[in-house]
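> all I have is the shape, not the residue letters:
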């Protein structure tokens, strides 16, 4: 989708066209989910936080001054939501200390049984990707995540990170080479 088309979609949303917002969600959903998942390290909660990100973006779209910065603004919202979630999790863990251990164990096990079946189907793939990404330096890991999981192009990544397209391209090349070399040594 061209940037011009995205700007028109945003203008349409501001004019009350909900269908246009659905198109924006479809375009950015995978990317935001991958970004959030990497930040909080929980695939299922990342789905919820992704929805929260789009809801907050929809509610506050009229406050966006430069419509061409929509993608960057969307990732900023996602980042804030992740930070808030992480802080809430920390305080929830502290309040758990006041609940009897037997109660925690019983409800944890019930939840575990239900979630385990669903997770096993996808967990192997995600762990493999995560292990591969962990082998990379942070700058390369971020670029690979945004490029492959968020489906952003090098120009968008450059804008988002505030670096040149050449820098993004070289980080992608180095990361790919590193992963190929690592794979060659394992076989």
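Okay, I see it. All figures in this text were calculated on a predicted structure; none of them were measured in a lab.

> from the chain's centroid, how far away is stretch 42-55?
Stretch 42-55 sits 8 Å away from the centroid of its parent chain (C-alpha atoms, centre = their mean, to the nearest Å).

> okay, buried residues for that stretch please.
Within stretch 42-55, the residues scored as buried using 16 or more other C-beta atoms under 10 Å are 43, 46, 49, 50, 52, 53, 54. (C-beta placed from N, C-alpha, C; glycine too.)

> mean confidence for that stretch?
Across stretch 42-55, pLDDT averages out at 92.

> lowest average confidence across helices and strands of the chain, where is it?
The helix or strand of the chain with the lowest confidence, counting by mean pLDDT, DSSP states H and E, is helix 101-134 at a mean of 66.

> can you list the buried residues in stretch 65-82?
67, 70, 71, 73, 74, 75, 77, 78, 81, 82.

> all strands for the chain, in order.
With strands called from DSSP state E, the chain shows none.

> name the residue closest to the centre of it, please.
Centroid-nearest residue in the chain, with C-alpha atoms, centre = their mean: residue 35, separated by 2.0 Å.

> quick one on the thing from earlier: which of the buried residues of stretch 65-82 scores worst on pLDDT?
Within those, lowest confidence goes to residue 67 (88).

> the closest residue to that residue other than its chain neighbours: neighbour count?
Leaving aside its chain neighbours, residue 67 sits nearest to residue 10 (4.9 Å; criterion: C-beta to C-beta, 6 or more residues apart in numbering). Residue 10 has 18 neighbouring residues, counting by other C-beta atoms under 10 Å.

> quick check: residue 132 vs residue 24, distance?
30 Å (C-beta to C-beta, to the nearest Å).

> between the two, who's got more neighbours?
Of the pair residue 132 and residue 24, residue 24 is the one with more neighbours under other C-beta under 10 Å, namely 22 against 16.

> skipping its backbone neighbours, what lies nearest the more buried one in space?
Nearest one to residue 24, counting by C-beta to C-beta, 6+ apart, is residue 9 at 5.5 Å.

> how far away is the one you found from residue 30?
17 Å.

> ok, the two, which is more surrounded?
Shown here are residue 9 and residue 30; by other C-beta under 10 Å, residue 9 has more neighbours (21 against 15).

> looks like that one contacts residue 22 (just checking).
No. The pair residue 9 / residue 22 is not scored as a contact, 9.6 Å apart, by C-beta atoms under 8 Å.

> okay, helices next: where are they in this protein?
For the chain, applying DSSP state H gives helices covering 3-14, 18-40, 43-60, 70-96, 101-134, 138-144, 154-161, 165-186.

> tell me the angle of the third one relative to helix 70-96?
Relative orientation of helix 43-60 versus helix 70-96 (axes from the mean of the first three to the mean of the last three C-alpha atoms, to 10 degrees): 130 degrees.

> packing partners for helix 43-60?
helix 18-40, helix 70-96, helix 101-134 (3 or more C-beta pairs under 8 Å, 6 or more residues apart in numbering; DSSP states H and E).
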